[in-house]
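Asker: below: sequence and its predicted model.
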Number of protein chains: 2
Amino acid sequence: MRDFSANHEALSINTATVRKQWPLDEIIEACARRGIRAISPWRDQVANVGMKAIARQLKDTGLALSGYCRGGFFPAADKAGFIRALDDNRRAIDEAKSLNAPCLVLVVGSLPGALTGAPAHRDIARAREEVFEGIAQSLEYAVEAGMPLAIEPLHPMQAADRACVNTLEQALDICDRLDPKASRGLGVAVDIYHVWWDPKLKEQIFRAGGGRILAYHVCDWLVPTKDLVNDRGMMGDGVIELKKCRGWVEESGYAGFSEVEIFSDHWWSQPGDYVLDTCIERHGRCV
Amino acid sequence: MRDFSANHEALSINTATVRKQWPLDEIIEACARRGIRAISPWRDQVANVGMKAIARQLKDTGLALSGYCRGGFFPAADKAGFIRALDDNRRAIDEAKSLNAPCLVLVVGSLPGALTGAPAHRDIARAREEVFEGIAQSLEYAVEAGMPLAIEPLHPMQAADRACVNTLEQALDICDRLDPKASRGLGVAVDIYHVWWDPKLKEQIFRAGGGRILAYHVCDWLVPTKDLVNDRGMMGDGVIELKKCRGWVEESGYAGFSEVEIFSDHWWSQPGDYVLDTCIERHGRCV
């Protein structure tokens, strides 16, 4: 298991962590100043500053990407919507390629409209079929582009509105069906916040192995958790056994970045510099 | 599949649903007035009115129990705490017996102290071992008393503080280990709110079969859900496919009560009579 206490070479910052404080170009600067070696940016953040400017800034600063957020949201109320989702995923793959990302993270979606409180239907099995079909079709394009796709299982509390892939086992089942030899670049993003509770976590991490794990995200589960989306904890403030879990992930063969991703009204209300400094300190001590 | 639209013979009311409006004796009266045939009361509600009074009132009104809430909360910070938990579970079994309950529902507990925001440790695997041991020891006593134990898997968002048994598969694995022939009265309480999201739900319901399913609870998952504990929805107000799920449960052999259990700040703020009338109407139309 790598020693994270000596330096923060393995640390990546998911830029949602400080999205309320800074636009992406300032986030990149703040990360570069600290010797942070990688980030994982979101599409809207890139678009707000401009793809070309961000690509240039990444090159100038030498920052790598640990992933690109995000593709997915495949299920739609009708066929036209599904086709639009596929189009959008192709654009996301192109953008990921432009930024030299190692993978496009897929938040797969679920009941269409649920995110705005108006679900078009309640058939989660149908949503899961459309997700499978959406990944299958996107994978064809991704393979040509040479862009790996990382399915991110989301916590079951987000099953209705954000992702109907809710366990690592379920994500790996999709991988096994669409890329049985793990030769086409389909894998998973393991965000420990989403899967820490799973009694089959260790077993499924070893099933995934290094070949299927394309990204590893960390934060912490607070007790109590006050919001289903924006109350994630800083590493060390919650109950996830972060070192134990990272041990399994590394033992399985993963040797990539450890990406801090914190959606938190609390941390968004703090100065960005303080948040990044805390991420570095906690990453070295608690992850 | 039974027709719930004709009458509410199969309806049971978990008395937590109107616990802020009435003490238990008034809840029983209000249920009896409506021809509701069963309830599932909580230990604190029984204690507040008095065990003897409640037993007599149940007899007088002819109301049955669909379960008794609750045993469990096995994991403890130390050995003395674990022994106290076992004692407490024996008392719960005795009480369930006094009230002629068909089963004692187990909310198994998780990290000790987490419920009050001060977890004694973060080792969920240890909590799971203690839960297994606690159920094993309680089962000895329960078998002698003739009181079935129903393990209730709780939603993964409650894995840190309320229950570290979070899927039906995990609960059934415990049943298979401790009661492989399903001859000792160990089974599960399926609360559809906790398990609706599970991609393996149908498969595990059929695995459970009628013999292992000792109770079936219903309410609904709201989009958005604003609280991790007290924002459950009235049946029909959310996205759970209640009829489809009940179909599986009945096809698997379950023919018992369908118990409405709604923890909700909203519904607790409404008049109790209105809540019960709504439960009856929605149960007939949406479940």
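Answerer: Structure's in. What do you need?

Asker: residues of chain A that sit close to chain B?
Answerer: Residues of chain A that fall close to chain B, judged by C-beta under 8 Å from any C-beta of the partner chain: A:111, A:114-115, A:117, A:119, A:122-124, A:128, A:155-157, A:159-161, A:164-167, A:170, A:196-199, A:221, A:223-226, A:228, A:238-241. C-beta here means a position set from N, CA and C on the backbone, and glycine is covered the same way.

Asker: in PyMOL, how would I select the buried members of the residues you listed?
Answerer: Listed next is the PyMOL selection for buried residues among those, using 16 or more other C-beta atoms under 10 Å in any protein chain shown:
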select buried, chain A and resi 111+114+115+119+122+123+124+128+155+156+157+159+160+161+164+165+166+167+170+196+197+198+199+221+223+225+228+238+239+240+241
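
Asker: need the per-residue pLDDT for residue A:236.
Answerer: What the model reports for residue A:236 is a pLDDT of 98.

Asker: that one: neighbour count?
Answerer: Using other C-beta atoms under 10 Å in any protein chain shown, residue A:236 is surrounded by 15 other residues.

Asker: go on, residue A:287?
Answerer: Based on other C-beta under 10 Å, the number of other residues close to residue A:287 is 25.

Asker: how about the helices in the stretch 1-150 of chain A?
Answerer: For the stretch 1-150 of chain A, helices defined by DSSP state H, counting those that start in this stretch occupy the ranges A:24-33, A:43-49, A:51-61, A:79-98, A:124-145.

Asker: reformat those as TSV; add mean pLDDT.
Answerer: TSV is the format used below for those (pLDDT from 0 to 100):
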stretch	mean pLDDT
helix A:24-33	98
helix A:43-49	98
helix A:51-61	98
helix A:79-98	98
helix A:124-145	98
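
Asker: doesn't residue A:37 make contact with residue A:9?
Answerer: Yes - between residue A:9 and residue A:37 a contact is recorded at 6.2 Å, counting by C-beta atoms under 8 Å.

Asker: for those two, indicate the residue with more neighbours.
Answerer: Taking other C-beta under 10 Å, residue A:9 and residue A:37 do not tie; residue A:37 has more neighbours (20 against 13).

Asker: I'd say the more buried one and residue A:28 touch.
Answerer: No - using C-beta under 8 Å, residue A:37 is not in contact with residue A:28; the gap is 11.9 Å.

Asker: in chain A, which helix or strand is least confident?
Answerer: Lowest mean confidence among the helices and strands of chain A (mean pLDDT, DSSP states H and E): helix A:201-212, at a mean of 95.

Asker: ok so, going back, and for residue A:37 and residue A:28, which residues touch both?
Answerer: residue A:63 (C-beta atoms under 8 Å, 6 or more residues apart in numbering or on different chains).

Asker: contact partners for residue A:206?
Answerer: Taking C-beta under 8 Å, 6+ apart as the test, what residue A:206 contacts is A:248, A:251-252.

Asker: please pick the buried ones from these.
Answerer: Buried among the contacts of residue A:206 (16+ other C-beta under 10 Å): A:248, A:252.

Asker: now, the contacts of residue A:206 that are in helices?
Answerer: The helices, defined by DSSP state H, take in A:248, A:251 from those.

Asker: ok, so of the contacts of residue A:206, who is nearest chain B?
Answerer: Nearest to chain B among the contacts of residue A:206 is residue A:248, at 11.7 Å by C-beta to the nearest C-beta.

Asker: check what pLDDT that closest one gets.
Answerer: pLDDT, residue A:248: 98.

Asker: distance of the residue lying closest to it once chain neighbours are set aside relative to chain B?
Answerer: Take residue A:248 and drop its neighbours on the chain: the residue closest to it by C-beta to C-beta, 6 or more residues apart in numbering or on different chains is residue A:205, 4.6 Å away. Residue A:205 is 14 Å from chain B, where distance means C-beta to the nearest C-beta, to the nearest Å.

Asker: so residue A:108 sits right up against residue A:131, yeah?
Answerer: Yes - assessed by C-beta under 8 Å, residue A:108 is found in contact with residue A:131 at 4.5 Å.

Asker: higher neighbour count, the two?
Answerer: Using other C-beta under 10 Å, the more surrounded residue of residue A:108 and residue A:131 is residue A:108, with 28 against 24.

Asker: residue contacts, the more buried one?
Answerer: A:72-74, A:131, A:134-135, A:151-152, A:163-165.

Asker: do you know the pLDDT at it?
Answerer: pLDDT, read off for residue A:108, is 98.

Asker: ok, it to residue B:142 distance?
Answerer: In this view, residue A:108 and residue B:142 are 42 Å apart by C-beta to C-beta, to the nearest Å.

Asker: same check, this time on residue A:249
Answerer: For residue A:249, the distance to residue B:142 (C-beta to C-beta) stands at 40 Å.
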